[in-house]
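# what follows is a predicted structure for the sequence shown.
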Amino acid sequence: MARNPIQFQHGLSLPAFLEQYGTEEQCRAALYRHRWPKGFVCPECGNTTRCQLSRGHYQCHHCHHQTSLTAGTIFHATHLPLTTWFLAIYLLTQRKTGLSALQLSRELGVSYNTAWKLKHKLLQVMHERNQGETLTGRIEMDDAYLGGERQGKRGRGAAHKFPFIAAFQTDDDGHPQRLQLRRVTGFGVSELTRIAASMAAGSQVVSDGLACFQVFDKAPYHHERHVVGGGRASVEHPAFNWVNTLLGNVKNAITGTYHAIRGKHTPRYLAEFEYRFNRRYDLGAMIPRFLTVALRTPPMPYPPC
């Protein structure tokens, strides 16, 4: 049997990563290239000439505004070496499964609190990157919940369960292409209307009989509705083969995080899985693409790490 080229791609090995980003100087050079690919540009006046001060800041020759390489980015006011940030990016983007904050703290040699804040800042970059993407062609959609087992009310109305929508794009042969996972406040028409904005006009949307999916009954979409009921019949229906498979993978990937999930963090956990899945074709280019978005992502509200 032929090997799956995606599964067996080389990716970026740890020695290759260390060769490219193993020193603080290499990391700073990489950030500079991605922040100012055509050379320095003052964030205040747009001037392109500057001098570098002894403490590493850049001063504009025109307005004398001072800025740093990391100012206004996800790395803003960091106390960690850039090599630690880059290693965290490598560990979170190159693995098929998720990495807990506790394990990340061990890998990086930092405290758990630092690792947790660092991880969530990087997950926010993934979340920001995913928001502008559009699905097209044949799209399987389904509703689902995340949340651990807790005492109290059970089922769909349980307070500890967080609803989300999974949308999965396949090609003409039915092979998986791209995935979207979107947290919603509930399965209502208004929430699905918001999600529909990320579906290209003319897309063929395949869904079950849940009432909220009626937003795809009219142009510019082609809606294929399957009323399958609940239980095993809905899971085994061939029309939802890939979206059900991916939902199982999503839940397995973040099972260890269920008890730590809070509503405001759920989109980041979903974004982590979505980000890695949609970029699985070229693991070697993960870090440069990540840096481009990270430098456009504003600082997080957490204390510096």
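Perfect, thanks for sending it.

# ok, which stretches of the chain are helices?
For the chain, applying DSSP state H gives helices covering 14-21, 24-35, 82-94, 101-108, 112-130, 189-196, 232-236, 241-253, 266-278, 286-294.

# domain parsing for this protein?
Per automatic domain parsing, the structural domains of the chain span 15-116+285-294, 138-149+157-278.

# hang on, the earlier thing: out of the helices of the chain, which is closest to residue 64?
Between residue 64 and the helices of the chain, the shortest gap by CB to CB is with helix 24-35, which sits at 19.8 Å. For every residue, glycine as well, the C-beta is placed using N, CA and C.

# angle of the closest one against helix 286-294?
60 degrees (axes from the mean of the first three to the mean of the last three CA atoms, to 10 degrees).

# can you give me the buried ones in helix 24-35?
Across helix 24-35, burial judged by 16 or more other CB atoms under 10 Å covers 26, 27, 30, 31, 34, 35.

# mean confidence score for stretch 43-59?
Averaging pLDDT along stretch 43-59 yields 93.

# for residue 297, list the residues it contacts.
Contacts for residue 297 (CB atoms under 8 Å, 6 or more residues apart in numbering) come out as 73, 74, 124, 125, 128.

# picking up where we left off before, so which of the helices of the chain comes closest to residue 139?
Residue 139 sits nearest to helix 241-253 of all the helices of the chain, at 8.9 Å, using CB to CB.

# quick one, that closest one and helix 266-278 angle?
Using the same axes, to 10 degrees: helix 241-253 against helix 266-278 is 120 degrees.

# tell me how far stretch 296-305 is from the chain's mean position?
Relative to its chain's centre, stretch 296-305 lies at 16 Å (CA atoms, centre = their mean, to the nearest Å).

# ends of that stretch, how far apart?
18 Å (CA to CA, to the nearest Å).

# buried sites along that stretch?
So for stretch 296-305, counting by 16+ other CB under 10 Å, buried means 297, 299, 300, 305.

# residue 284 contacts residue 10, correct?
Yes: in this structure, residue 284 is within contact of residue 10 by CB atoms under 8 Å, at 6.9 Å.

# neighbour-wise, which of the two wins?
residue 284 (14 against 8; other CB atoms under 10 Å).

# for the nearest residue to residue 85 once chain neighbours are set aside, give its distance to residue 93.
Spatial nearest neighbour of residue 85, excluding adjacent residues (CB to CB, 6 or more residues apart in numbering): residue 75 at 6.2 Å. In this view, residue 75 and residue 93 are 16 Å apart by CB to CB, to the nearest Å.

# between these two, which is the more surrounded one?
Applying other CB under 10 Å to residue 75 and residue 93 shows that residue 75 carries more neighbours, namely 23 against 20.

# residues in contact with the more buried one?
Contacts for residue 75 (CB under 8 Å, 6+ apart) come out as 31, 82, 85, 294.

# can I get the residues you listed in CSV including pLDDT and distance to residue 48?
Below are those laid out as CSV (pLDDT from 0 to 100; distance: CB to CB, whole Å):
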residue, pLDDT, distance to residue 48
31, 96, 18
82, 97, 24
85, 98, 27
294, 95, 23
